[in-house]
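Student: please work out how this folds:
(2 chains)
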Number of protein chains: 2
Amino acid sequence: MRMSGNYTKQERTFLKRLGKAIKERRTQEGLSQERLAELTGLHRTYVGSVERGERNISALNTKVLADALGCQASDLFRSAE
Amino acid sequence: MRMSGNYTKQERTFLKRLGKAIKERRTQEGLSQERLAELTGLHRTYVGSVERGERNISALNTKVLADALGCQASDLFRSAE
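Tutor: Predicted structure coming up:
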């Protein structure tokens, strides 16, 4: 598993945009990071690091977050593209 | 990192559909698994396991595959949803 330090600039940008899309959707839904963490079973600090683009998030975690945010994983990816 | 044995039925179905979408796109593009592995720098056996839905693929690997397949990661996710 690649450590976050090994990402290219383009990869870091992509992960940052994906994190931003998740954060924007979360705030649109009026959810705190704590609440989103509760809804998904993911740790709050993990949610925070995803939103900051520090995580190369998996397909299933993207889907879990999308489900809790009432959208599709593809919506979150499209916002990052 | 969850091992593939710990996935729910719904999660396995999602990963299988995502893998199927990648395979379909690859064959549409007339690429072999070997060629897609070459283009992405991913190992051929990894590409095969992703296509069989055995991998909880990361955001960056989904993007690397999408780039090589001439589509967007969101397209691949949408086909799985």
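
Student: going forward, measure contacts between C-alpha atoms and count neighbours the same way
Tutor: Will do.

Student: mind listing the helices for chain A?
Tutor: Using DSSP state H, the helices of chain A run over A:9-28, A:33-40, A:44-51, A:59-69, A:73-80.

Student: to chain B, which of these lies closest?
Tutor: Closest approach to chain B among those is made by helix A:73-80 (4.4 Å; Cα to the nearest Cα).

Student: how about that closest one, does it reach chain B?
Tutor: Yes. Applying Cα under 8 Å from any Cα of the partner chain, one finds that helix A:73-80 is in contact with chain B at A:73-78.

Student: filter these down to the buried ones, PyMOL style.
Tutor: The PyMOL selection below is limited to those of those classed as buried (16 or more other Cα atoms under 10 Å in any protein chain shown):
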select buried, chain A and resi 73+74+75+76+77+78
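
Student: who in chain A is up against chain B?
Tutor: Near chain B, when you scan chain A using Cα under 8 Å from any Cα, you find A:11, A:15, A:56-60, A:72-78, A:81.

Student: what is the most widely separated pair among those residues?
Tutor: Distances among the residues of chain A next to chain B were taken as Cα to Cα; the most separated pair is A:E11 and A:Q72, at 21.6 Å.

Student: which residues of chain A score low on pLDDT?
Tutor: By pLDDT under 70, the low-scoring segments of chain A are A:1-5.

Student: for A:T13, which non-adjacent residue is closest in space?
Tutor: Counting by Cα to Cα, 6 or more residues apart in numbering or on different chains, A:T13 lies nearest to A:G53, which is 7.9 Å off, once chain neighbours are set aside.

Student: what's the neighbour count on the one you found?
Tutor: As a burial measure, A:G53 scores 22 neighbours (other Cα atoms under 10 Å in any protein chain shown).

Student: wait, isn't it in contact with A:A21?
Tutor: No. At 10.1 Å, A:G53 and A:A21 do not qualify as touching, with contact defined as Cα atoms under 8 Å.

Student: who touches A:L69 in this structure?
Tutor: Residues in contact with A:L69 (Cα atoms under 8 Å, 6 or more residues apart in numbering or on different chains) are A:25-26, A:29, A:36.

Student: 10 Å - rerun?
Tutor: A:22-23, A:25-31, A:36, A:39-40, A:63, A:76 (Cα atoms under 10 Å, 6 or more residues apart in numbering or on different chains).
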